[in-house]
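Enquirer: Sequence first, predicted model second:
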Amino acid sequence: MTQAPESNERTRIERYDPVSIEPRWQARWEELGLHRTKFDESGRPPYYLLTMYPYPSGDLHIGHWYIVTPTDAIARFQVMHGKNVFLPIGFDAFGLPAENAAIKNNINPRDWTMSNIDNMRRQFRTMGARFDWDAEVVTADPDYYRWNQWFFLQFLKAGLAYRAKSPVDWCPNDGTLAREQVEGVDRHCWRCGAKVEKRDLDQWYLRVTKYADELLDFSQIQFPDPVRIMQTNWIGRSEGAQVVFETAPSPHHAGGEPLTVFTTRPDTLYGATFMVLAPEHPLVGALTAPERRKAVEAYVTKAGTQTEIERLSTDREKTGVLIGAEAINPVNGERIPIFVADYVLGGYGTGAIMAVPAHDERDYAFARKFGLAIRRVVARRGEESGELDGAGAYIAHSDDEVLVNSGEQTGLAADEGGRRIVAALQAQGKGKAAITYRLRDWLISRQRYWGTPIPIIYCPTHGAVPVPEADLPVRLPNNVDYEGSGVNPLTRDETFLNVPCPIDGEPARRETDTMDTFMDSSWYWYRYLSPRKQDGPLDHDLVEGWTPVEQYTGGAEHAVMHLLYAREFTKMLRDLGMVQQNEPWKRVFNQGQILGADGERMSKSRGNVQDPDELIAKYGADTVRLFLMFMGPWDQGGPWSPTGIGGVHRFLNRVWALALDPTYKEPGDPDAGTLPDGQDEAVARASLRAAAHKTLRDVTADYESFHFNTMVAKLMELSNTLFRYRGSVVAGGPEWDEAMRLLLLMLAPAAPHITEELWSRRADVRGEAWSTVHLQRWPTVDQSAVAESTREIPVQVNGKVRDRVVVPANADAAAIERAALASAKVQAILAGRAPDRVIQAGGGRLVNVVIRE
RNA sequence: GCCGGAGUGGCGGAAGGGCAGACGCGGCCGACUUAAAAUCGGUUGGGGGCAACCUCGUGCGGGUUCGAAUCCCGCCUUCGGCACCA
């Protein structure tokens, strides 16, 4: 790069050169151990600040900076408020991308992951974040994942883990596929293109539905509203009743087989005109009549091969087949036909419904298509004899509805009728009130290599036997050969597979499934507190002293997965006596996401990834940090654009110049040296102080509420104010010096390097010993500096601002009104008329003169 | 379809019943310079006026209020999430 020779005026002070300053201070902080948390320190209250640990994809991009640097600013701000801050970092090191890279490039997932982590550690250090690297956790480390295994064994003992069959997407060549590995409408494998099928596999579950009700209680965790709402919907509690129908006798069947359905509308039971079983319902096979068997089997098979999307698409036409059996409605003994149809889900409720087409849109659509009876049983009072208009089901559920065509219950209010129907059924043992949740148990089995091995051994005699705790960890073998396919290599690894049964010592085989990585991320903040502890997963004293985590920041994309799994996990740990708390974190904040310049998610494959390294080389880390905070509200994110970064860099250059050379006069500045607005020296001194302390008041509030963009704007304003006084008689004086000191302290959390450099030079100039700016106490606002002797009050006429009047700060309402009405502009508009009303808003902050035309 | 978030200058955004457009980018004018860059100062929502000023403006249409970007009702666009959950 050709650089013009430094012009004369720029040689007076040293140029702001972040590239030389930043690494120097980073090294110094590390040498001093400034970022290492002393957990046992008393006196300073603990403050655990957590940011979601990253997946080690290889390179830190600008999105990581966007996530991390404001969090670092919060940490530094809290340190300056006397808190004992813990800000750890680690890596979510297991998962599919490592395996994909491994298969593609024929390398080892561990090597790929670990070298990515090395690179990211290096890049992280260039941010200047105060991470406590001693606490680092890497989930692919056996020292970490052995505790996943240990927790699993405890859950098993406590009955919180169990095994059950469940379907997976299966490719004949590449084994189990993750959702994103199934491509196209024809559902082919992403690698080999083969047709994907469904397979039922035995898999492990965690019994998290046990906590469904408790998870709906958010009183001990502060979530952003959208997260709370999404979790509530995800859990999906609905109240209703279970009703037992029995099958009717037929030529092929004795009948009397109970079929339980769940309904939220027991009041509509008399309107049930058919019944529907999910294709997965266990009784489908047994109840199907011989002449229907072929059709039913074909239908069930087809349902199994359809994509979730296809099957669950709401605008798809309803399909289904009769199974050739009938059920008896317990309230009226009526025989109704039974269908199997895929609009009923196997995994929800009882997998069977009573269909009430008059009062349910889905049942209505199905009944119309198959020409089934539609019987109205609920009507608005006074419209009992009315017919359905044929446009659809009648859903509205209001207070003035009554039951019709409902036997003994006819004429009752719908609610009351529903209650009586349930009570009557309950008396006969044919029903009861029930609550159903949309939430399912947590399926943790993954047919993958790169994860935590599930510590189970299958013995021909004893079945699934837990690995004894003393034998943990079950290590993932390092030498793996994918043999060019996506099939989990553990299933071919004889050394791994063959083990003696822990009970009888006879030959047995290991479980080859590994755990969902959400298991890893459900407790890592506890491990950060004692990452190398060998005799247990967590240190109880530290956990109780430092958690729930004070503040957790991360992306909203985890609203219902990670953030819910981790809550469930914490409740399980609590029930095992491992922790005392009900929730893992006190407060969660969702920062926005930085997208590529094209508005799409940043990813290597899209080629829209912004590498921060070149920006740092050009502007330095402080500028990049500050720019990311300045761009907009932190919870908003948005497409990446470097437009404007120069403005932030210019701001830091100006802070640099103000700190090192207050009295300098720009040759190009016509106003250099004069005081603004014709102020005299005393007024200038007072307004400098006022500006500094007002900024302090506002910036403090902005840090506390994570409004970093306005925080930076206000610091820019203060530097602009200082700039106006640069070279004047007050430049370098005591008020200037105080303002400069406040500016550096306020800027320190956001731009840690330049402030540290200027702070140390300040100490040099004064002959004081150096002490880091980052351990200074946050300054306090001097209210007397902020107070002003006069106020300027906007005067509106009919809501439009027409003038401003200046009144003494202590003017009372009458005086303000007099001043407002005395305004020449107001008088001109009044034109001799008297105002109808004069309103003062906000204790005299504004006056509105109302005239009716 | 249902549930959420967001729509404000050329651009990122500020103000969350009381001065719309803070701060920054970009633009324009000027200073410094042989010149350019950098730096510094001024100016910058639209329309009108020589001016002081006037007028219109926060996605659209209504409403509440002395006063609405902000609250309410009905839409539109866009981004997330869920999606036959009985």
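Expert: In hand now; what should we look at?

Enquirer: Residue A:747 contacts residue A:718, correct?
Expert: No - here residue A:747 lies out of contact with residue A:718, judged by C-beta atoms under 8 Å, at a distance of 9.5 Å. For glycine as for every other residue, the C-beta is placed from the backbone atoms N, C-alpha and C.

Enquirer: List, one by one, the residues from the stretch 601-750 of chain A near RNA strand B.
Expert: Taking C-beta under 7 Å from any atom of the strand as the contact definition, the stretch 601-750 of chain A meets RNA strand B at A:630-633, A:636, A:638, A:641, A:643-644, A:646-648, A:650-651, A:653-654, A:666-672, A:707, A:709-710, A:712-713, A:716-717, A:720, A:723-724.

Enquirer: Buried ones among these?
Expert: For these, burial is judged from neighbour counts taken by 16 or more other C-beta atoms under 10 Å, and it is met by A:630, A:631, A:648, A:651, A:654, A:707, A:709, A:710, A:712, A:716, A:723, A:724.

Enquirer: Export those to TSV and append columns for secondary structure and pLDDT.
Expert: Written out in TSV, the entries for those read as follows (DSSP: H, G, I helix; E, B strand; the rest coil; pLDDT from 0 to 100):
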residue	secondary structure	pLDDT
A:630	helix	96
A:631	coil	94
A:648	helix	96
A:651	helix	97
A:654	helix	95
A:707	coil	96
A:709	helix	96
A:710	helix	96
A:712	helix	97
A:716	helix	97
A:723	helix	91
A:724	helix	89
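
Enquirer: Please identify which of those is nearest to residue A:83.
Expert: The shortest separation between residue A:83 and any of those is 19.8 Å, and it belongs to residue A:707 (by C-beta to C-beta).

Enquirer: Roughly how far does residue A:689 sit from RNA strand B?
Expert: Residue A:689 sits 19 Å away from RNA strand B when distances are taken as C-beta to the nearest atom of the strand, to the nearest Å.

Enquirer: Output the strand or helix carrying that residue as PDB, restricted to C-alpha atoms.
Expert: Here residue A:689, judged by DSSP states H and E, is contained in helix A:681-704. Coordinates of the C-alpha atoms in helix A:681-704 are reproduced here as PDB (Å, rounded to 0.1, in the frame of the first residue of the first chain):
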ATOM      1  CA  GLU A 681     -15.900  31.100  29.900                       C
ATOM      2  CA  ALA A 682     -17.900  30.400  33.000                       C
ATOM      3  CA  VAL A 683     -20.900  29.300  31.000                       C
ATOM      4  CA  ALA A 684     -18.700  27.100  28.800                       C
ATOM      5  CA  ARG A 685     -17.200  25.400  31.800                       C
ATOM      6  CA  ALA A 686     -20.700  24.700  33.200                       C
ATOM      7  CA  SER A 687     -22.100  23.400  30.000                       C
ATOM      8  CA  LEU A 688     -19.100  21.100  29.500                       C
ATOM      9  CA  ARG A 689     -19.800  19.500  32.900                       C
ATOM     10  CA  ALA A 690     -23.500  19.300  32.200                       C
ATOM     11  CA  ALA A 691     -22.900  17.600  28.900                       C
ATOM     12  CA  ALA A 692     -20.600  15.000  30.500                       C
ATOM     13  CA  HIS A 693     -22.900  14.200  33.400                       C
ATOM     14  CA  LYS A 694     -26.000  14.000  31.200                       C
ATOM     15  CA  THR A 695     -24.200  11.600  29.000                       C
ATOM     16  CA  LEU A 696     -23.200   9.600  32.000                       C
ATOM     17  CA  ARG A 697     -26.800   9.400  33.200                       C
ATOM     18  CA  ASP A 698     -28.100   8.300  29.800                       C
ATOM     19  CA  VAL A 699     -25.300   6.000  28.800                       C
ATOM     20  CA  THR A 700     -25.600   4.100  32.100                       C
ATOM     21  CA  ALA A 701     -29.300   3.500  31.400                       C
ATOM     22  CA  ASP A 702     -28.500   2.400  27.900                       C
ATOM     23  CA  TYR A 703     -25.900  -0.200  29.000                       C
ATOM     24  CA  GLU A 704     -28.400  -1.500  31.600                       C
END
